[in-house]
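> predicted model, plus sequence, below.
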Amino acid sequence: MTFWRQVRAITSYELLIERRSGETWSIITPFAAAALMTIPLAIGINLPLISSIGWPIFWSIALLFGMQVAWRHVSGERNAMRDAITLLGVDPAARFTGRVVASGVLLSGFMLVIGVLTVFLYTPDELNRWPWLIVVGLLFAAGLAQLATLASDLTIGLGARSSLAPLLVAPLALPLLIGAAQATDSLLRSAGILPWLLTLVLANLLLAIVGVLTARPLQEAAT
Amino acid sequence: MNHLVELHDVDVAVDLVPIISAVSLHVDQGECVGIQGPNGAGKTTLLRVIATLLAPTGGSGSVLGVELGSKEVPSVRPQIGLAGHLPALAGPLTLIENLLVVARLTGRTKDDAAAALARVGLAGAAGRAADRCSHGMRRRTDLARLFLVPPRLLLLDEPQAGLDSSAQPMVEELIRQVRSGGGGAVLVSHDASGLSGLADRMLTLRSGALEGAT
Amino acid sequence: MALAGLVSAIGVWLAYSTPPDALQRTYARIINIHAPAMWVAFLAFGVTALGSIVWRFTRNRRWDHLAGASAEIGVLFTVIGLVTGMIWGKPVWGVYFDWADPRMASTAVLLLVYVGYLALRRATIDPEKRASRASILGIVAVIQVPLVYFSVNLMRSLHQTQSIRPGGSTIHPTMLRAMLFNLGAFTLVYVALMSARMVVARLEDARDARQVSAAGSAVLPPNLGGPSLRGIGDG
């Protein structure tokens, strides 16, 4: 079976599990929405301040809760299922790629919903050339999906996995956060966003290379 | 003679705790070997070593002609079929969807998956989510996976656990198919009486060591 | 260790003997701790990456020990660098932690990355798995080091740029001498700490290798004799 057919099969499998369990849409997204609401409530009646922090808060929520989206069923993942897929001879790099694509799709949808909520709750400043925000968002989602999948593979079988994996992802994801936040800031000021787009593209490339190259060693380390 | 499985003085420690010590055994083509032992003896660990899912920390061995711990190990894994005591199913997916995932990954068709599920008597429950099925139904589905993708080396952990008397001939059929194809099987259980009817040869594992001739 | 201590003491004396800065007064002397501490941290994380790479090729556990030990010391010196930076920052910049300073922010991120690395090592009990996973993270994480170092050049910052450059130095020779001496002293301290930590690692290995009985030998048949337990609802 070819690499890309395996990727498609793993992606379909992951998305089907999400479709059946609904963890991203019925649990994580409402939780993120609640988080979006707590910040203005904590700040109080300071509408200009709330408006000015709208986009930065969006990216922070996207990062912190996006990690949960990427690990949506990891805590319940059965060793037996993972072993079965290993024994089927699925290329570990295909498995990594398939999981990243699935997480990326879910993250993109999640960020779209959170983005719309941010606009309604924070009334942030309007962005010039807002379609570029979609490009930035997709790059952010892809990078976070890769990073979270890599962290998941690094922590397979560890008891503290559900807290260790976020600790690994959060600091390593900051280049993504800074790239996305600075790109948004540049859009607000009608400045060029090329350096930040390049930062995001480079981060994605590095993560893709690392993820694919380390897929097999990490699979063998998990056995 | 080329054995399907050959272990020489294999040690296995998991998280620094020795589980298996100096185990030597072999499994020949067409042979079904049963390994029985009490709780904590290391039966599941030994099975995972034979499945190439756990590398030995000492000793040497080969499975299907490939040395354990070598880079060639992934090449023989598709010929190994393992059904552990926990079924390999994704809970939110239905029984047929779980088999369709396997079918898709191995180039089989939807009809093959449906036929495998029917073979284990679960055609009528195909649309039920795995986490809403009984343990016995999940175990049957796990065995259906092995009918869908027949292995050359069959490994079963507690082969009859959770299965009612009408389902137990499935295990015998799986073993028969594998043997007739020139493969072999290894069964592990704490229940010696259950294994003796299935295995050609019985070994006893106690505190990580094999007793008797191997 | 004694030599490192002696050299460090001389370094402290040298630092105090430098004249106060015209603007920053005596606060400038903290550079003699801050800069060397960050240099050692970068060195340590580089050694972690090197140990990780060599382990992947050789599977010799000594290289994994090297990587882990160096990361621990690197985290320690990063904390020292951050704390001294904040102590210096408050009177000079008016804030302990200046979010507008990319060097400071990226250093804090660097600290978190390696705290995560150490957490991963600690959580993985099996030595082979620990070495395998940590080596991957150790190689990936080192990318942060040049990002931190060059952050002051890439982005506008309150933080001063490198004081020592190919064309020369931007600080007074007396101060430069003291700083360079302390750079050497801190490096000696790093080497001393690494030696000690490697000895501890070997002792840990020896402890782990001591014969432990097989897990199954702890499982005994149940003992059902003796008085029966009172059930719920029993009078």
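Nice, thanks for sending it over.

> which residue is nearest the middle of the chain?
Unless you meant another one, I'm taking chain A. Geometric centre of chain A, nearest residue: residue A:144, 3.7 Å, by CA atoms, centre = their mean.

> oops, chain B please
residue B:155 (2.1 Å).

> backbone phi and psi for that one, please?
Torsion angles at residue B:155 (phi, psi; degrees, to the nearest 10) stand at phi -130, psi 120.

> okay but it is in contact with residue B:53, surely?
No. With contact defined as CB atoms under 8 Å, residue B:155 does not reach residue B:53; the gap is 9.7 Å. In this view, the C-beta of every residue, glycine as well, is placed from N, C-alpha and C.

> wait, doesn't the residue nearest to the centre of chain A sit right on residue A:66?
Yes. The pair residue A:144 / residue A:66 is scored as a contact, 5.0 Å apart, by CB under 8 Å.

> show me which residues of chain C are close to chain A?
Proximity of chain C to chain A is confined to C:56, C:109-110, C:112-113, C:115-116, C:119-120, C:123-124, C:128-129, C:132-133, C:136-137, C:140-141, C:143, C:147 under the rule CB under 8 Å from any CB of the partner chain.

> the strands in chain B, which residues?
Listed in chain order, the strands found in chain B under DSSP state E are B:5-14, B:17-27, B:32-36, B:58-63, B:66-67, B:80-83, B:153-157, B:184-189, B:201-206, B:209-211.

> among those strands, which is nearest chain A?
Closest approach to chain A among the strands of chain B is made by strand B:80-83 (5.5 Å; CB to the nearest CB).

> that older thread, which neighbours do residue A:144 and residue A:66 share?
residue A:107 (CB atoms under 8 Å, 6 or more residues apart in numbering or on different chains).

> what do residue B:155 and residue B:53 both touch?
residue B:82.

> return the helix or strand in chain B with minimum mean pLDDT.
Among the helices and strands of chain B, helix B:192-196 carries the lowest confidence by mean pLDDT, DSSP states H and E, at a mean of 83.

> and chain B, which residues reach chain A?
For chain B, the residues in contact with chain A (CB under 8 Å from any CB) are B:51-55, B:74-75, B:77-78, B:80-82, B:84, B:86-93, B:97, B:101-102, B:104-107, B:129, B:145, B:149.

> low pLDDT regions in chain A?
Applying pLDDT under 70 to chain A flags the ranges A:73-78, A:223.

> without its sequence neighbours, what residue ends up closest to residue B:12?
Once flanking residues are discounted, residue B:12 sits nearest to residue B:20: 4.2 Å by CB to CB, 6 or more residues apart in numbering or on different chains.

> just to check, that neighbour is in contact with residue B:45?
Yes. Counting by CB under 8 Å, residue B:20 touches residue B:45, with 5.7 Å between them.

> these two: who's more crowded?
The neighbour count for residue B:20 versus residue B:45, taken as other CB atoms under 10 Å in any protein chain shown, is higher for residue B:20 (30 against 22).

> pLDDT weak spots in chain C?
For chain C, the stretches flagged by pLDDT under 70 are C:12-28, C:151-172, C:211-212, C:220-221, C:223, C:225-235.

> element containing the residue nearest to the centre of chain A, please.
Element membership for residue A:144, per DSSP states H and E: helix A:131-154.

> likewise residue A:56?
Per DSSP H and E: residue A:56 is located in helix A:54-70.

> and chain B, is that helix touching that?
No. Residues of helix A:54-70 are not located near chain B by CB under 8 Å from any CB, the shortest gap being 15.8 Å.

> next, the angle strand B:5-14 makes with the helix ranked longest in chain C.
Among the segments of chain C that qualify as a helix by DSSP state H, the longest is helix C:173-209. Angle of helix C:173-209 versus strand B:5-14, following axes from the mean of the first three to the mean of the last three CA atoms, to 10 degrees, is 120 degrees.

> pull out the buried residues from helix C:173-209.
Neighbour-count burial for helix C:173-209, counted by 16 or more other CB atoms under 10 Å in any protein chain shown, picks out C:175-176, C:178-183, C:185-194, C:197-198, C:201.

> what is that helix packed up against?
Identification of packing neighbours for helix C:173-209 by 3 or more CB pairs under 8 Å, 6 or more residues apart in numbering or on different chains; DSSP states H and E yields helix C:2-17, helix C:31-58, helix C:61-93.

> quick one: list the elements packing against the very next helix or strand once past the last one.
Which is helix C:61-93. Going down the chain from helix C:61-93, the next helix or strand is helix C:102-123, by DSSP H and E. Helix C:102-123 sits against helix A:161-172, helix C:31-58, helix C:61-93, helix C:127-141, helix C:144-154, with contacts defined as 3+ CB pairs under 8 Å, 6+ apart.

> which bits of chain C sit near chain B?
Residues of chain C lying near chain B (CB under 8 Å from any CB): C:125-128, C:208, C:212-219.

> ok, the closest residue to residue C:63 other than its chain neighbours - contacts?
Spatial nearest neighbour of residue C:63, chain neighbours left out: residue C:55 (4.0 Å); criterion: CB to CB, 6+ apart. Residues near residue C:55 by CB under 8 Å, 6+ apart: C:61, C:63, C:64, C:67, C:131, C:135.

> of the residues you listed, which is the nearest to residue A:112?
When the contacts of residue C:55 are compared for distance to residue A:112 (CB to CB), residue C:135 wins out at 37.6 Å.

> which residues does the spatially closest residue to residue B:75 that is not a sequence neighbour bridge with?
Once flanking residues are discounted, residue B:75 sits nearest to residue B:66: 6.7 Å by CB to CB, 6+ apart. Taking DSSP bridges as the rule, residue B:66 bridges to residue B:63.

> ok, residue B:6 next?
Applying DSSP bridges to residue B:6 yields these beta-bridge partners: residue B:26, residue B:62.

> verify the stated contact: it with residue B:26.
Yes. Here residue B:6 reaches residue B:26: they are 4.9 Å apart, a contact under CB under 8 Å.

> which of those two has more neighbours?
residue B:6 (20 against 17).

> and that one, what does it touch?
Residue B:6 is in contact with B:25, B:26, B:27, B:61, B:62, B:63, counting by CB under 8 Å, 6+ apart.

> can you pull the contacts of residue A:193?
Applying CB under 8 Å, 6+ apart to residue A:193 gives the contacts A:132, A:136, A:183, A:186, A:187.

> quick check, nearest of those to chain C?
Out of the contacts of residue A:193, the member with the shortest distance to chain C (by CB to the nearest CB) is residue A:186, at 13.2 Å.

> by contact count, what packs against the helix or strand hosting the closest one?
In this assignment (DSSP H and E), residue A:186 forms part of helix A:174-188. Other helices and strands packing on helix A:174-188, by 3+ CB pairs under 8 Å, 6+ apart, are helix A:54-70, helix A:131-154, helix A:194-222.

> so for residue A:92, which of these sits nearest?
Per CB to CB, nearest to residue A:92 of the helices and strands packed on helix A:174-188: helix A:194-222, 3.7 Å.

> just want the angle from the longest helix belonging to chain A to helix A:194-222.
Using DSSP H, we find that the single longest helix of chain A is helix A:92-122. Going by the same axes, to 10 degrees, helix A:92-122 is angled at 130 degrees with respect to helix A:194-222.

> alright, calling it a day.
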